Every structure is written in C-alpha cells, then in structure tokens.
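>>> can't give you the sequence, but here's the structure:
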C-alpha cells in the first residue's frame, strides 16, 4: 500500500532519476548537478518551512512519485500570509494506476499554506486542480512576443509545431524562406525597433537598487504581493544566473537625462533563440523607451525574438511596439480564503516570473528542446559573415532604424 510522505535528503537520487527520465524524457543516468539542484531548491531555499514540505509517493521501499513544493511569503492587504508553489510533479509510468499523482496533488493542496499555486502547468493538471476545488486566473495566463529576426523566428515557430528534425532539402528551403521574409520585413516601417535615445543610460541592476527603488514601486498598487528581502533576492538571482535555464541572465536599470530611474528589466538573453523576460517595469510615460531598449539589447545579443508574461496595464504599449499576444495555461490556485481567491482571479496580485516555479527551472542541456530552427540560428549567429543577413537589411544596431525606400 503506497503512501505520501515528506521529501527528505535520502530521496534525492531516486527523485532525480524520476525527473530526468519521465519529466525531462532523457535517457541514461541523470547529471550529477541534478541532485544538487533538488537539494538546493527543495531543501535549502531561503523560504524553506518545515511545515510545508515537498512530497514523495512511496510504494513499499520504492519512491515512485514526487511533488515539489516551494513556500513563498506574501502580504495580503498588509497582512503576512504563506503561499506555496507546486513544482515538478512526476510519477513513474508503472505506478500511475495507483493514483499516486492525484494523491500527491491532494496532499499538496491540503497543506498548511494559505494558498497553493502553480504557474507552469498543462491542460491535464488544470482539469485536476479544478476537480479538486481549485480555480484559475486567466489574468496570469496571457503572453506576448516580439519577433526581432522574422525569418529565424518563423523557423523557430515551425520547430515548435513539432518539426524535430529537418532534412537537407527542407533546411535549404527554410533558408530561402528566411531570406525572403527578411527582405520583405526590411520594407516595412520599423521605427519602433531603433537604438534607444542618447539620454537613456543603462547600469547593472544591483540587489539594493532592485529591493529599495524598483520592486516597491512595482508591487505597491496590488493587494497581494510577494515579500522580498536581501537574502532571498540575492539567492534567487544568483540561482537563475547559475542555472541558465533560458539563457544568460541580464539585469538592467535605465536612467534618464537627470539620472532618475525610468525603468528596469530582467531577462534571459539567448543568442539564436528567444529572449525570455522575467520582469520589467517603467516609470509613468516611459514604457515605450524601456521596450525600445529591451528589444535593442536583445537584438544586439543575437536573440531572434523576445517574449514574456503579459501585464495587462502594459498591453497598450506592447501593442504599439508590434507585439502579439496569445493565451496559455492560466495560473492555478487553491485556497480556503475566498477573498484571497478573488484577488488573484481579478488580477490584483503582483505575481511575476520571479515568484513561482518558472524561475526555478533546472538548466539542463537542451532543456527547452533543441530544434533544427534554433540549431540553424546558432550556427548562423556564430559566423560573423552571416550576422548581417539575419536582420532586416536596413537594421543597424548602432544607428536609428529607417525604413527602406520602396523601389
């Protein structure tokens, strides 16, 4: 008879094996660094709470299931509460008939936290959460994207639709298509993809600046907001920088002509891939400048596009910057507090990619699923002679962008 119990140090090797084989779909032994990852994230994170633990499903002497849990302290209308984010739910295929996954999920939801949440789920998990009394918040399920190199972005999109490997003929065809798309794109006015104004300067975003000058302005308008301190913020950003789950972490604060902070952003730069925005903010009337600088910075580092989670209050500026939007699986939550549930459902919660499971991903090689499009992008980006071909022919990162005159 199986049972759910708390995850402990001795469980790490077996849990790492489950994760590697059945959640990451990788063959062979798991990398040594994966065990260190489970220890750091689920046993030694700065928010660790012995009353809100990660869980395993034990069948006899075998560990056949795992539900990661990371507590995150928050404030609701000034009152301290405890949130917990679910992560990395995995069950051995041979044990799925025992309902091990369902039992792990129920045990997590019934924990001592004030609210259980997950921000990286799928449709099946969404259905399970709803059947178990959970709810969803579509306000945190929208994403935006901005192609920077249209041809390569098109190849990336094709690869995400399931084309795992291109033949030589198809690769050649895609190359021709890429060049054609870029030529056409060069004739479209793109004044918004320009070098930022000279009066905008960048600095490395330091912990103290982020904690004292940036995050308070971001969260103060929300009824539900995360609690940060120097220790937890330093650990989190250091962890993300080391994992490189989505690329190299960039932390930038932007200052105006009088050295005032006009905005900031944290994102993963990825040469030949998609730059993922963790969080970005701007002072009033400055979001357009922040977006200009972000897109220029990502382009200069070889990204083929930029994407992030949509903040509804910035939808107008993102739309004007030629971004497009799409829906994904919403934030899932379960709480015994109806008021807390209403706050999250109506979008009155400051929950960014810094606050859930997304930022705690393991940076395994090929984590995002290497595709032929990205392989092609990386090979071309690594060749200085072809770098100019990747962008619209009238785009020079050191000059304001001007539309190419029609012939």
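Cool, got the structure. What you see is a predicted model; the values in this text were computed from it and never measured.
>>> helices along the chain, start to end?
12-18, 32-42, 100-109, 123-131, 150-160, 168-186, 207-209, 215-219, 230-243, 287-300, 315-320, 338-345, 372-381, 384-390 (DSSP state H).
>>> mean confidence for the longest one?
Averaging pLDDT along helix 168-186 yields 55.
>>> residue 333 bridge partners, please.
When assigned by DSSP bridges, residue 333 has beta-bridge partners residue 117, residue 135.
>>> how many neighbours does it have?
Counted with other CB atoms under 10 Å, the burial measure for residue 333 works out to 25 neighbours. For glycine as for every other residue, the C-beta is placed from the backbone atoms N, C-alpha and C.
>>> spit out the contact partners of residue 119.
For residue 119, the contact set (CB atoms under 8 Å, 6 or more residues apart in numbering) comprises 85, 140, 331-332, 351, 353, 355-358.
>>> again, 10 Å this time
When contacts are counted by CB atoms under 10 Å, 6 or more residues apart in numbering, residue 119 touches 85-87, 137, 140-141, 309, 329-333, 351-353, 355-359.
>>> go on, residue 265?
Neighbour list for residue 265: 202, 205, 214, 250-254, 277-282, 290-291, 293-294, 297-298, 306, 308 [criterion: CB under 10 Å, 6+ apart].
>>> try it again with 6 Å
Taking CB atoms under 6 Å, 6 or more residues apart in numbering as the criterion, residue 265 is in contact with 252, 280, 294.
>>> which one is the last one nearest to, not counting chain neighbours?
If I follow you right, that is residue 294. For residue 294, the nearest residue in space outside its immediate sequence neighbours is residue 265; the separation is 5.3 Å by CB to CB, 6 or more residues apart in numbering.
>>> likewise for residue 34?
Across the structure, with CB to CB, 6+ apart as the measure, the residue nearest residue 34 apart from its sequence neighbours is residue 16 (4.6 Å).
>>> for the longest strand belonging to the chain, packing partners?
When the chain is parsed with DSSP state E, its longest strand is strand 62-76. Strand 62-76 makes packing contacts with helix 12-18, strand 55-59, strand 79-91, helix 100-109, strand 224-226 when contacts are defined by 3 or more CB pairs under 6 Å, 6 or more residues apart in numbering; DSSP states H and E.
>>> which one of the ones you listed lies nearest to residue 36?
Proximity to residue 36, assessed across these by CB to CB, is greatest for helix 12-18 (8.9 Å).
>>> around the residue lying closest to residue 204 once chain neighbours are set aside, how many other residues sit close by?
Beyond its immediate neighbours in the sequence, the residue positioned closest to residue 204 (CB to CB, 6+ apart) is residue 251, lying 6.4 Å away. The criterion is other CB under 10 Å. On that basis, residue 251 has 19 neighbouring residues.
>>> could you do the one 10 residues further on as well?
The burial metric for residue 261, expressed as a neighbour count using other CB under 10 Å, is 19.
>>> per-residue pLDDT, it?
Value for residue 261, per-residue pLDDT: 96.
>>> bridged to the residue nearest to residue 204, which residues?
According to DSSP bridges, residue 266 are recorded as the beta-bridge partners of residue 251.
>>> quick one: it from residue 214, how far?
Applying CB to CB, to the nearest Å, one obtains 10 Å for the distance of residue 251 from residue 214.
>>> now for residue 241: which residues touch it?
By CB under 6 Å, 6+ apart, the contact set of residue 241 is residue 249.
>>> quick one: pLDDT of it?
Looking at residue 241, its pLDDT reads 96.
>>> make residue 1 into 673 and carry on from there
Let's use 673 as the start, then, which means that last one is residue 913.
>>> residues of the longest strand of the chain that come out buried?
Buried residues in strand 734-748, defined by neighbour count with 16 or more other CB atoms under 10 Å: 735-748.
>>> now do stretch 812-819
For stretch 812-819, burial by neighbour count (16+ other CB under 10 Å) applies to 812-814, 816-819.
>>> show me these that map onto strands.
Secondary-structure check on the buried residues of stretch 812-819 using DSSP E: residues within strands are 814, 816-819.
>>> now for those residues: which two are most distant?
Comparing every pair within those by CB to CB identifies 814 and 819 as the most remote, at 17.7 Å.
>>> give me the distance between the residue nearest to residue 876 and residue 947.
When CB to CB is the yardstick, residue 923 and residue 947 sit 13 Å from each other.
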